[in-house]
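1. my questions concern the predicted model and sequence given below.
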Amino acid sequence: MTSDTLLDLGVLTGQLMRAIQDELFQRLAEGGHPDVRPRHGTVLAHLHAGGLRATELAERSGQHKQIVGTIVDELVKLGYVSRQPDPADRRAKLIVPTDHGRDEIETARAILAGIERRHREALGADGYTDFKRTLQRITDRQRGWRDDDGGE
């Protein structure tokens, strides 16, 4: 494929994300987590065993707190997380993974590590590291588009 025929950045990154999600969620379903959907990653991808407040999850995921709250409600019903008092502030709640939630998080991380390992082997360690560094730089620059000269 020549540079003239390369898809635009939005299409490429969208296709990459969907392809990764397709594999991840199929394998999660096969591994005992058939109810988890891509939107649940807004919470589960950022959660750790000690839990986080919904506001922290919103900041880390880039989603509104109301969206995070809705997803947490779903995950509570599915048995992946619980709301517990924050020992640092009893008025606040922590979103904490249950045993089932911790298993999903560990399984998802292992699947994603395998996907990365497969691409690293295909591109070579240096090529894959260069790809990720470049993608991270583009992502960081895009996040700051309002600060750029017109975003161009």
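-> Looks like it arrived, so ask away.

2. which residues in this structure form strands?
-> With strands called from DSSP state E, the chain shows them at 81-86, 89-97.

3. and the shortest one, which strands flank it?
-> Spelled out, that is strand 81-86. According to DSSP bridges, strand 81-86 forms sheet pairs with strand 89-97 (antiparallel).

4. now do the partner strand, average pLDDT.
-> Mean per-residue pLDDT for strand 89-97: 92.

5. do the same with stretch 126-139
-> 96.

6. which residues are contacting that stretch?
-> By Cβ atoms under 8 Å, 6 or more residues apart in numbering, the surrounding residues in contact with stretch 126-139 are Leu9, Glu116, His119, Arg120, Leu123. Any C-beta I mention is one placed from the backbone N, CA and C, and that applies to glycine too.

7. so where is the protein shaky, pLDDT-wise?
-> By pLDDT under 70, the weakly predicted segments of the chain are 1-4, 148-152.

8. hang on, the earlier thing: separate out the buried members of the contacts of stretch 126-139.
-> With burial judged by 16 or more other Cβ atoms under 10 Å, the buried subset of the contacts of stretch 126-139 is Arg120.

9. out of the contacts of stretch 126-139, who's nearest Gly41?
-> Glu116 (15.9 Å; Cβ to Cβ).

10. ok, the closest residue to that closest one other than its chain neighbours - how many residues close by?
-> Using Cβ to Cβ, 6 or more residues apart in numbering and skipping the chain neighbours, the partner closest in space to Glu116 is Tyr128 (7.7 Å). Neighbourhood size, Tyr128 [other Cβ atoms under 10 Å]: 17.

11. likewise the one 4 residues further on?
-> The burial metric for Lys132, expressed as a neighbour count using other Cβ under 10 Å, is 14.
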